[in-house]
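Asker: Got a sequence here, can you model it:
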Amino acid sequence: MATGEGKGWSKGLTAATDPRIARAAAANTGKLRLRTWTRTAAERRRLFGTATTVPIEWSPSMAYVVGLTATDGCLLTGRRAINFKSADKDLVLTYIDLLGRTNKIVEQRTRAGRIVYHVQFSDSRLYRWFESIGLTPRKSLTLGALLVPPEFLASLVRGLLDGDGSISNAVWKADTSRRSDYYYEWLRVRFASASRPHLDWLKQQLSGALGVRGWIWIDNSRTHPMGCLSYGKADSIALLSWLYADPDAPSLRRKRAIWDDYARRHPNWIVQEAASIYA
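Answerer: Residues are numbered from 1 along each chain as shown. Below you'll find the predicted structure:
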């Protein structure tokens, strides 16, 4: 080896002063050089999001997630992405937590001035599983039956209730001339959907599981008619007793609080109505 051609021999040389440097430069002309480095966990989450870490199969928590997705979620075509949006930030936090994800929650103001929270992520395995059990893109108008095993029906219905359902409890003064101090307390559970086939399926499932009746009415004054499955007082007691039987099951706190307050004030009514339904 010639003097000066050991380690660092090319230091100070250029293509103009050394033919070996010139040949090496010509051989690499036009090639793209990529810098590689190890990203931190925080950088990977920011760039690529996180993965669903729970088993993608039926379970009580996954059934609840399906109910939420069927109401407030959206399957986005093309990218196989899933979007979930709600005015209740706690519900969005619960959604991603049950999936074992840590995606960023985005705050957004609607045209009406309301604040909503949403999360969006790509997950082809979860997307395909959602499709296999009955969820579809543009599901608001196309949603029908959901292929849920009977043992997970309560968890799924609780998700539907927390998404697009409501629990109403109030005291009205009765329209009667018998007594001026006669009041009536009512309790009502409602499920809203723009898809009549979905409401028909839900009504049939709850009738088979609990014997509750309910009725469906459609508001045709909208561009896309909106339907509502409603349950009266006795049926609502049976339905809510069933949905909230497990105090640790995931649920939207503000809706569950309505039922907890009612059940605390009327413990005897709960026992009597439940006994008549399950007899």
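Asker: show me where this structure has strands.
Answerer: 73-76, 81-86, 106-109, 115-122, 165-173, 183-193, 215-219, 226-231 (DSSP state E).
Asker: Give me the below-cutoff pLDDT ranges for this protein.
Answerer: 1-7, 9, 21, 28-49, 173-182, 271-279 (pLDDT under 70).
Asker: Count the neighbours of Leu98 for me.
Answerer: Residues near Leu98, counting by other Cβ atoms under 10 Å, number 19. Placement of C-beta: from N, CA and C, glycine included.
Asker: which residues does it contact?
Answerer: Val54, Ser61, Met62, Tyr64, Val65, Pro250 (Cβ atoms under 8 Å, 6 or more residues apart in numbering).
Asker: go on, Thr110?
Answerer: Val116.
Asker: Isn't Val54 up against Tyr64?
Answerer: No. Assessed by Cβ atoms under 8 Å, Val54 is found out of contact with Tyr64, at 11.9 Å.
Asker: which residues sit in contact with Pro55?
Answerer: Counting by Cβ under 8 Å, 6+ apart, the residues that Pro55 touches are Met62.
Asker: now Asp261
Answerer: By Cβ under 8 Å, 6+ apart, Asp261 lies in contact with Asn169.
Asker: separation between it and Pro267?
Answerer: Remark: distance between Asp261 and Pro267 (Cβ to Cβ, to the nearest Å) = 12 Å.
Asker: can you check Arg111 too?
Answerer: Arg111 is 45 Å from Pro267, by Cβ to Cβ.
Asker: likewise Pro250?
Answerer: Here Pro250 is placed at a distance of 25 Å from Pro267 (Cβ to Cβ).
Asker: give me phi/psi at His266?
Answerer: Torsion angles at His266 (phi, psi; degrees, to the nearest 10) stand at phi -130, psi 60.
Asker: Report how many residues lie close to Arg265.
Answerer: As a burial measure, Arg265 scores 11 neighbours (other Cβ under 10 Å).
Asker: just the buried members of the contacts of Leu98?
Answerer: For the contacts of Leu98, a burial check counting by 16 or more other Cβ atoms under 10 Å picks out Ser61, Met62, Tyr64, Val65, Pro250.
Asker: Grab the nearest non-local neighbour of the third one.
Answerer: The shortest distance from Tyr64 to any residue that is not its chain neighbour, by Cβ to Cβ, 6 or more residues apart in numbering, is 4.3 Å, and that residue is Gly159.
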